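Student: Give me a model of this one.
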Amino acid sequence: MQTFLINWECMLLTTAFVVTLGLGLFAYLKGSNDEVNISFSFMLFGLTFWAGSLLAFLLVRDFNWALIIRKLTPIGSSILMGYFLYFSILFPKKHDPLPLAERYLILAPGFIFAMISVFTPLMIKNIQFINGEYPFLGRPVFGELYLVYSVYLITYFASAVTILIYKYLFSEGREKLQIFYVAFGALLAGVGGIFVSLFFPLVNVVNLFTIGPVFILVASFFITYAIIKYRLLGIEDFLTRGLALFFILFAFVGTIMIFIYNKASFLPAFYLMLIQGALGLLIYFKDRRNEVNFSFTYFNLSFALWVYFMYMIALRPVLFLSFYHKYVFVVSALMFSFLLYFTSVFPKPKKDFMAVFSRTLIFIFPAIIFLLTLYDFMLKNIDIKAGIPVPAWGSGYPVFVFLSFAYIFFSLFNLLKSYLFLQGKEKAQALCLFLGLALSLFFLGSTTWLVPWFRGVRIIMFAPFSVLFFVFFTSYAILKYHFMDIEIVFRRGFVYGTIRAFVMILYALVLLVTERILWMFIGGNSIVVTSLSIVVFAAFFQPFVNFLQNLADRFFFHEYYDYQISLLHVSRLIADYRAYNELVNFVIKTFSKTMQAVYVSFLIPREAEYLSLSLNMEDKEIIYKKMRFDKRLPVIRLIEESLDVVSLDYLEEQIFAKRAFGKSFGKSRDFFIDVKDAMEKESVSVIVPVVLRGRIIGIVALGYKVSKDIYTQQDLMFLMTIANQSAVVFDNINLLQD
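Tutor: Numbers count the residues shown, from 1 in each chain. This is a model prediction of the structure:
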């Protein structure tokens with residue numbers, strides 16, 4: 001049991017280490033010129049060192065090293081308190097550094113205590129070890145300055161929190177909310193961390209000493225929420241780049257910890273769970289109040305939990321063996337319920353009573369399975385034959401299989417129905433989800449439900465890999481069709497660097513497998529074969545990298561344009577036009593070719609309507625559509641009032657995500673629904689006004705993209721910039737004609 005508790009404690013400390021390191025790096029990279037961001041980052045780095053040193057102290061088994069690492073533990077806490085006070089003085093305004101003397105006065109004590117702890121016995125003299133297997137359970141012998149160090153921590157912490165509370169009382173708006181979440185999170189985490197890590201050792205309660213940094217996760221939750229909701233420290237792109245950084249760090253640190261514990265077999269399941277968690281959280285934080293988003297997230301998280309349970313079943317642990325075999329049914333039922341819930345509300349939730357009632361009824365499946373599991377109707381017992389556990393199924397197992405197939409059938413039926421009736425990018429998204437889920441669920445069923453009935457128990461170890469199909473197709477839907485309105489823009493350098501790293505890792509794995517095979521057949525490594533493998537790798541490395549880079553170009557970049565280069569090119573050409581119709585043709589051609597729109601139209605204002613201009617397009621590949629909009633339509637009123645581009649994708653996202661969206665613009669929500677309906681009636685995806693001196697002289701209407709991609713913010717900026725430049729040229733043409 002002690003080992004089990006230590007493993008959980010290590011997992012929590014590792015999580016605290018990664019979260020604080022990720023937040024600190026991201027805040028520093030986003031504001032390395034701002035003293036507020038710098039102080040915040042170094043405060044988090046102090047927390048990182050504190051969590052890392054306690055994790056090392058928990059894992060160490062050598063008594064000499066235990067004392068050395070124990071003397072390192074005060075470094076992080078002493079330094080972070082100095083930066084916490086410094087941060088509280090500067091926050092929330094952007095700030096230059098305080099005068100040098102004031103900075104040294106605030107920060108120097110923390111560094112002084114850190115040096116004293118490492119190089120002298122004045123903080124920690126020795127450790128009285130009471131357990132030969134776990135040195136961290138030893139009682140520390142404190143030096144003369146440890147009490148002074150404790151007073152320093154409490155004084156600095158109380159001062160920083162008091163300053164934040166004072167600023168909260170006299171601030172307003174977004175700043176008030178930012179201060180609240182930082183102060184409240186710091187107060188909860190600080191009180192818990194100081195109480196456990198400072199006072200427990202003083203009263204010889206040493207077995208809980210190392211969980212102090214776990215309270216950091218409380219503060220990290222509030223800080224992350226403030227970043228996402230209220231743009232704490234000016235951070236605006238945390239959902240894409242911030243979460244990516246977190247999961248890269250989790251993958252790196254988690255891999256190291258797995259090798260430390262000599263559990264390399266857990267790596268595939270760990271990576272699968274990590275990817276599932278990343279997908280789920282990315283979509284959840286995009287709009288956590290949307291039924292589509294949170295049902296998809298919970299399905300992903302329950303799928304990740306199912307992967308863990310299946311790994312543990314394949315591992316056959318003596319402890320909790322029966323637990324994993326039994327309650328994997330409950331996790332599976334929960335997963336299928338969230339899947340059916342998600343497919344029922346995708347792509348837009350319905351609010352009528354029957355829909356709400358039927359979605360609530362969905363969760364009767366896990367409730368039934370839980371009761372059957374509780375009373376041993378799912379699994380009678382587990383027999384061990386030749387070291388292999390063989391489960392004896394109960395009478396409830398066929399019920400589980402039947403309900404599982406029913407839920408899967410209706411989930412896939414919902415997606416197929418969505419595919420048949422939807423249009424544009426949502427149709428493509430539905431197809432991707434259908435294919436990914438169909439393949440994953442087929443593989444899952446083959447390895448868990450059917451094969452075990454025919455004594456193929458060992459094939460269960462491949463069940464967790466069923467998630468790969470779903471992950472692949474969902475990722476493709478996000479990258480290609482902006483599933484859940486998520487935009488991820490890849491830079492070539494990042495993609496190419498990732499490819500090179502992937503090839504290097506692949507090479508290392510091939511070399512490792514080769515050596516293992518050689519060891520099996522000849523009882524040792526072969527220098528000749530290993531050298532030959534290195535030569536072959538060197539010969540094929542660059543061609544293979546070039547092949548993957550070309551593949552990435554076709555996948556990621558073939559339909560994308562360079563925003564700056566395209567804008568510069570068009571800006572140079574547009575000023576040379578001296579005839580009205582030629583300029584309109586050029587604008588139409590530019591918009592159509594750059595955006596790859598299915599059609600385009602240029603409308604000019606008349607007395608009571610906007611009417612498409614009659615044009616003869618020389619380029620037959622461009623489809624020019626004639627249309628008209630009555631000036632009384634909400635869509636025209638919106639454009640004339642805002643003088644800004646209107647995007648159908650953005651309207652849909654905001655209307656369904658936020659009930660108060662319309663009121664925030666001084667309009668009712670129904671007004672914006674009417675705008676959306678008018679655009680959908682003409683199959684218009686974007687309307688771009690051409691504005692001159694506060695007056696619309698024309699509008700450009702674009703249909704959906706051929707690729708079914710959405711119009712990104714970069715696209716809309718490009719369209720509006722070219723429209724504004726066109727307005728100036730139109731004005732010059734009129735002056736020349738006059």
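
Student: Doesn't Pro347 lie inside a helix?
Tutor: No - using DSSP: H, G, I helix; E, B strand; the rest coil, the assignment for Pro347 is coil, not a helix.

Student: And it, how far from Asp649?
Tutor: 12 Å (Cβ to Cβ, to the nearest Å). (C-beta placed from N, C-alpha, C; glycine too.)

Student: same check, this time on Ser117
Tutor: 56 Å.

Student: Which of those two has more residues huddled nearby?
Tutor: Comparing Ser117 with Asp649 by other Cβ atoms under 10 Å, the one with more neighbours is Ser117, at 24 against 19.

Student: and that one, what does it touch?
Tutor: 71-75, 78, 123-124, 149 (Cβ atoms under 8 Å, 6 or more residues apart in numbering).

Student: Setting the sequence-adjacent residues aside, check what's closest to Phe184.
Tutor: Of all residues not flanking Phe184 in the chain, Phe222 sits nearest, at 6.0 Å (Cβ to Cβ, 6 or more residues apart in numbering).

Student: Asn616: neighbouring residues, count only.
Tutor: So Asn616, with other Cβ under 10 Å, has 7 neighbours.

Student: Over to Ile127?
Tutor: 19.

Student: Wasn't it part of a strand?
Tutor: Yes - under three-state DSSP, Ile127 sits within a strand.

Student: SS state for Pro121?
Tutor: coil.

Student: repeat for Asp376
Tutor: Under three-state DSSP, Asp376 comes out as coil.

Student: Settle this for me: Asn257 is touching Thr14, isn't it.
Tutor: Slight slip there: residue 257 is Met, not Asn. Yes - counting by Cβ atoms under 8 Å, Thr14 is a contact partner of Met257 at 5.6 Å.

Student: what is the rounded mean pLDDT of stretch 602-622?
Tutor: For stretch 602-622, the mean per-residue pLDDT is 83.

Student: can you pull the buried residues of it?
Tutor: 602-603, 605, 610, 612, 622 (16 or more other Cβ atoms under 10 Å).

Student: do stretch 51-66 as well
Tutor: 51-60, 66.

Student: So which of those is the closest to Pro109?
Tutor: Of all the buried residues of stretch 51-66, Pro109 sits closest to Ser53, with 19.0 Å by Cβ to Cβ.

Student: and the closest one, what element?
Tutor: Element membership of Ser53, judged by DSSP states H and E, is helix 35-59.

Student: how about low-confidence regions in the stretch 501-650 of the chain?
Tutor: Residues of the stretch 501-650 of the chain that meet the criterion pLDDT under 70 lie in 501-542, 549, 551-567, 569, 618, 620.

Student: how about the helices in it?
Tutor: Assigned by DSSP state H, counting those that start in this stretch, the helices in the stretch 501-650 of the chain fall at 527-552, 563-574, 580-595, 634-642, 648-657.

Student: Could you do the stretch 1-150 of the chain as well?
Tutor: 2-30, 35-59, 63-90, 100-119, 146-169.

Student: would you turn these into CSV with distance to Ile673?
Tutor: Output for these, formatted as CSV (distance: least, Cβ to Cβ, whole Å):
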stretch, distance to Ile673
helix 2-30, 37
helix 35-59, 41
helix 63-90, 45
helix 100-119, 55
helix 146-169, 39
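
Student: can you put those in a markdown table and add distance to Ala438 and mean pLDDT?
Tutor: Shown next, in a markdown table, are the helices of the stretch 1-150 of the chain (distance: least, Cβ to Cβ, whole Å; pLDDT from 0 to 100):
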| stretch | distance to Ala438 | mean pLDDT |
| --- | --- | --- |
| helix 2-30 | 34 | 81 |
| helix 35-59 | 42 | 88 |
| helix 63-90 | 49 | 90 |
| helix 100-119 | 57 | 91 |
| helix 146-169 | 52 | 92 |
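
Student: Neighbours of Ala428, how many?
Tutor: Around Ala428 there are 20 residues (other Cβ under 10 Å).

Student: tell me which residues of whichever strand or helix holds it are tucked away?
Tutor: Using DSSP H and E, Ala428 maps to helix 424-445. For helix 424-445, a neighbour-count test (16+ other Cβ under 10 Å) marks 424-441, 443-445 as buried.

Student: what does it rub up against?
Tutor: 339, 343, 346-347, 404-405, 408, 411-412, 415-416, 418-419, 422, 463, 465-474, 476-477, 480-483, 685, 704, 708-710.

Student: got the angle for the next helix or strand after that helix vs helix 424-445?
Tutor: Counting by DSSP H and E, the next helix or strand C-terminal to helix 424-445 is helix 467-481. Per axes from the mean of the first three to the mean of the last three Cα atoms, to 10 degrees, the angle that helix 467-481 makes with helix 424-445 is 170 degrees.

Student: Buried by neighbour count: which residues of helix 467-481 qualify?
Tutor: 467-471, 473-481.

Student: Nearest the geometric middle of the chain, what residue?
Tutor: Nearest residue to the geometric centre of the chain (Cα atoms, centre = their mean): Leu282, 3.4 Å.

Student: and the strand or helix carrying it, what does it pack onto?
Tutor: Using DSSP H and E, Leu282 falls within helix 267-286. If you count contacts as 3 or more Cβ pairs under 8 Å, 6 or more residues apart in numbering; DSSP states H and E, helix 267-286 packs onto helix 243-260, helix 291-315, helix 467-481.

Student: State the pLDDT value of Tyr298.
Tutor: Tyr298 is given a pLDDT of 93.

Student: next one: the one 5 residues further on
Tutor: According to the per-residue confidence, Phe303 scores 91 in pLDDT.

Student: Pull the distance from the helix holding Ser53 to the chain's centre.
Tutor: 22 Å (Cα atoms, centre = their mean, to the nearest Å).

Student: can you check stretch 99-109 too?
Tutor: How far stretch 99-109 lies from its chain's middle: 38 Å, per Cα atoms, centre = their mean.

Student: Please put the alpha-carbon coordinates of it into PDB.
Tutor: C-alpha atoms of stretch 99-109 as PDB (Å, rounded to 0.1, in the frame of the first residue of the first chain):
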ATOM      1  CA  PRO A  99      14.700  50.600  -9.000                       C
ATOM      2  CA  LEU A 100      17.600  48.300  -8.500                       C
ATOM      3  CA  ALA A 101      17.800  48.800  -4.700                       C
ATOM      4  CA  GLU A 102      14.100  48.000  -4.200                       C
ATOM      5  CA  ARG A 103      14.400  44.900  -6.400                       C
ATOM      6  CA  TYR A 104      17.400  43.600  -4.400                       C
ATOM      7  CA  LEU A 105      15.600  44.400  -1.100                       C
ATOM      8  CA  ILE A 106      12.600  42.200  -2.200                       C
ATOM      9  CA  LEU A 107      14.400  39.400  -4.000                       C
ATOM     10  CA  ALA A 108      17.700  39.000  -2.100                       C
ATOM     11  CA  PRO A 109      16.400  37.200   1.000                       C
END
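
Student: contacting residues around that stretch?
Tutor: 78, 82-83, 85-86, 89, 97-98, 152, 156.

Student: and those as JSON lines, adding distance to Ile697 and neighbour count?
Tutor: Shown next, in JSON lines, are the contacts of stretch 99-109 (distance: Cβ to Cβ, whole Å; neighbours: other Cβ atoms under 10 Å):
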{"residue": "Ser78", "distance to Ile697": "66", "neighbour count": "25"}
{"residue": "Gly82", "distance to Ile697": "61", "neighbour count": "27"}
{"residue": "Tyr83", "distance to Ile697": "56", "neighbour count": "24"}
{"residue": "Leu85", "distance to Ile697": "58", "neighbour count": "23"}
{"residue": "Tyr86", "distance to Ile697": "55", "neighbour count": "26"}
{"residue": "Ile89", "distance to Ile697": "53", "neighbour count": "17"}
{"residue": "Pro97", "distance to Ile697": "51", "neighbour count": "12"}
{"residue": "Leu98", "distance to Ile697": "54", "neighbour count": "17"}
{"residue": "Tyr152", "distance to Ile697": "68", "neighbour count": "19"}
{"residue": "Tyr156", "distance to Ile697": "63", "neighbour count": "22"}
